[in-house]
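Chemist: quick one: sequence plus predicted model below, questions after.
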Amino acid sequence: MGAFFGNLLQVLFFTIWILVLGRVLLSWFDPTGRSTVARFVIQATEPLLGPIRRALPPTGAIDLSPLIVLIVLSVLWRLI
């Protein structure tokens, strides 16, 4: 049973990783977020990125919240 939950967490972390990375890439190619895929990715990642973005001091045009989320996910992934 423990292996099942470990595998489930790994799949969840991988999915979140891909969504956050997709959000970064979409910000370069579709910054308006008008496509269906972009809206889905934004809605899926905003609950993670929003609180971190609000907690970080303003850095101008660079959004560091995806980097923070990816680092935290990497650490948690290694702990599983």
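Modeler: Thanks, I have it.
Chemist: in this protein, which residue is closest to the centre?
Modeler: residue 20 (2.9 Å; C-alpha atoms, centre = their mean).
Chemist: shaky segments in this protein?
Modeler: Along the chain, the model assigns pLDDT under 70 to residues 1.
Chemist: show me where it has helices.
Modeler: 2-29, 36-55, 65-79 (DSSP state H).
Chemist: what angle do the last one and helix 36-55 make?
Modeler: I take that to be helix 65-79. Using axes from the mean of the first three to the mean of the last three C-alpha atoms, to 10 degrees, the inter-axis angle of helix 65-79 relative to helix 36-55 is 90 degrees.
Chemist: what is helix 65-79 packed up against?
Modeler: helix 2-29, helix 36-55 (3 or more C-beta pairs under 8 Å, 6 or more residues apart in numbering; DSSP states H and E). From N, CA and C alone the C-beta is placed, and that goes for glycine too.
Chemist: number of residues surrounding residue 9?
Modeler: Residue 9: 14 surrounding residues under other C-beta atoms under 10 Å.
Chemist: that one is in contact with residue 80, isn't it?
Modeler: Yes: counting by C-beta atoms under 8 Å, residue 9 touches residue 80, with 5.5 Å between them.
Chemist: find residues that contact each of the two.
Modeler: By C-beta atoms under 8 Å, 6 or more residues apart in numbering, residue 9 and residue 80 have no common neighbours.
Chemist: rewinding a little: can you add distance to residue 75 and give the helices and strands packed on helix 65-79 back as TSV?
Modeler: Listed next are the helices and strands packed on helix 65-79 as TSV, based on distance: least, C-beta to C-beta, whole Å:
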stretch	distance to residue 75
helix 2-29	10
helix 36-55	14
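Chemist: which one of the ones you listed lies closest to residue 63?
Modeler: Among those, helix 36-55 comes nearest to residue 63, with 6.5 Å by C-beta to C-beta.
Chemist: angle of that closest one against helix 2-29?
Modeler: Using the same axes, to 10 degrees: helix 36-55 against helix 2-29 is 100 degrees.
Chemist: would you mark the buried spots in helix 36-55?
Modeler: Buried residues in helix 36-55, defined by neighbour count with 16 or more other C-beta atoms under 10 Å: 38, 41-42, 45, 48-49, 52-53.
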